[in-house]
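K.L.:
give me coordinates for this.
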Amino acid sequence: MQFTAQRRQVVEYGRQMARAALAVGTWGNISCRLPGNLMAITPSGMEYEALEPKDIVIMDLEGNCLEGECKPSTEQPLHRAIYAARDDVGAIVHTHSVYASAMAAARKPIPAAVEDLVQIVGGDVRVAAYALPGSSQLGSNAVAALAGRNGALLANHGVVGVGTELGQALLICQIIEKSAQIYIAAQAIGGVVELPQEDIDIMRDFFLHKYGQR
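P.N.:
The predicted structure is shown next:
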């Protein structure tokens, strides 16, 4: 079995996503980029706690399944489109978390109003134009909404977070969910106050180049 370590990572982060209540049942999906223009992606319709590394499907970015006996996630066109468009992306997490999905159902972006959101996502969280789940159009729409960002809402659907590795992509989805909760709560007390673009740029640059143990 090829790419055993990466498959194990996909399984582990799938379990973390489920345990964090970012998805219910078998919904949501996770992938990571592999050498040779390939990706490892979760299978369709399987419980995260029951997944084993052999269940993770290896695909190329043209949509061909190269290894694995399971059918890949129905959202594999979304993942393929993002990898093809974004060389900086090494992992993708797609969730159906409650508050962010509420924003997606209302087709309202999450404003750039909290510091961790702008640092890790790059600004506000845009809403990708609606398209049927599993469609190539959904992938194209998500790529447009992700321009200059590491996360987006999918209209009437959920969230997609992208990062250099799986831990970062999952964290982005968690920060987006928290920010959606903050936004909805703030509406009850007068609404959020968005950060000025100059400050967003400063915080984003700090996160990218100075944050953490560098």
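K.L.:
by contact count, what packs against the longest helix seen in the chain?
P.N.:
Longest helix of the chain, by residue count under DSSP state H: helix 166-187. On a contact count with 3 or more CB pairs under 8 Å, 6 or more residues apart in numbering; DSSP states H and E, helix 166-187 meets helix 4-19, strand 29-34, strand 91-95, helix 98-106, helix 115-121, strand 151-154, strand 158-163. The C-beta positions use only the backbone N, C-alpha and C, and glycine is treated the same way.
K.L.:
winner for burial among these?
P.N.:
strand 91-95 (a mean of 29; mean count of other CB atoms under 10 Å).
K.L.:
with adjacent residues omitted, what lies nearest to the spatially most central residue of the chain?
P.N.:
By CA atoms, centre = their mean, the chain has its centre lying nearest to Gly161, at 2.1 Å. For Gly161, ignoring the flanking residues on the chain, the nearest one in space by CB to CB, 6 or more residues apart in numbering is Ile172 at 3.5 Å.
K.L.:
and the contacts of the helix or strand bottoming out on mean pLDDT in the chain?
P.N.:
The helix or strand of the chain with the poorest confidence is helix 197-209; it has a mean of 90 (mean pLDDT, DSSP states H and E). Contacts to helix 197-209, defined as CB atoms under 8 Å, 6 or more residues apart in numbering, come from residues Ala112, Glu115, Val118, Gln119, Ile120, Gly122, Gly123, Leu195.
K.L.:
buried ones in it?
P.N.:
With burial defined by 16 or more other CB atoms under 10 Å, the residues of helix 197-209 counted as buried are Ile200, Met203, Arg204, Phe207.
K.L.:
go on, stretch 33-43?
P.N.:
For stretch 33-43, the neighbour count (16+ other CB under 10 Å) marks Arg33, Leu34, Leu38, Met39, Ala40, Ile41, Thr42, Pro43 as buried.
K.L.:
burial of Ala21, as a residue count?
P.N.:
Using other CB atoms under 10 Å, Ala21 has 12 neighbouring residues.
K.L.:
who touches it in this structure?
P.N.:
Ser97, Val98.
K.L.:
what helix or strand is it located in?
P.N.:
Per DSSP states H and E: Ala21 is located in neither a helix nor a strand.
K.L.:
can you pull the pLDDT of the residue nearest to Glu75 when sequence neighbours are not counted?
P.N.:
The shortest distance from Glu75 to any non-neighbouring residue, by CB to CB, 6+ apart, is to Asn29 (5.0 Å). Looking at Asn29, its pLDDT reads 96.
K.L.:
figure out the helix or strand that Ile58 lives in.
P.N.:
Using DSSP H and E, Ile58 sits within strand 57-60.
K.L.:
counting contacts, what elements does that strand pack onto?
P.N.:
Using 3+ CB pairs under 8 Å, 6+ apart, strand 57-60 sits against strand 38-41, strand 65-67.
K.L.:
right, and those - which one's nearest Val11?
P.N.:
strand 38-41 (9.8 Å; CB to CB).
K.L.:
quickly run through the sheet partners of that closest one, with directions.
P.N.:
Each strand that pairs with strand 38-41, with its direction, by DSSP bridges: strand 29-34 (antiparallel), strand 57-60 (antiparallel).
K.L.:
kind regards, and thank you for your time.
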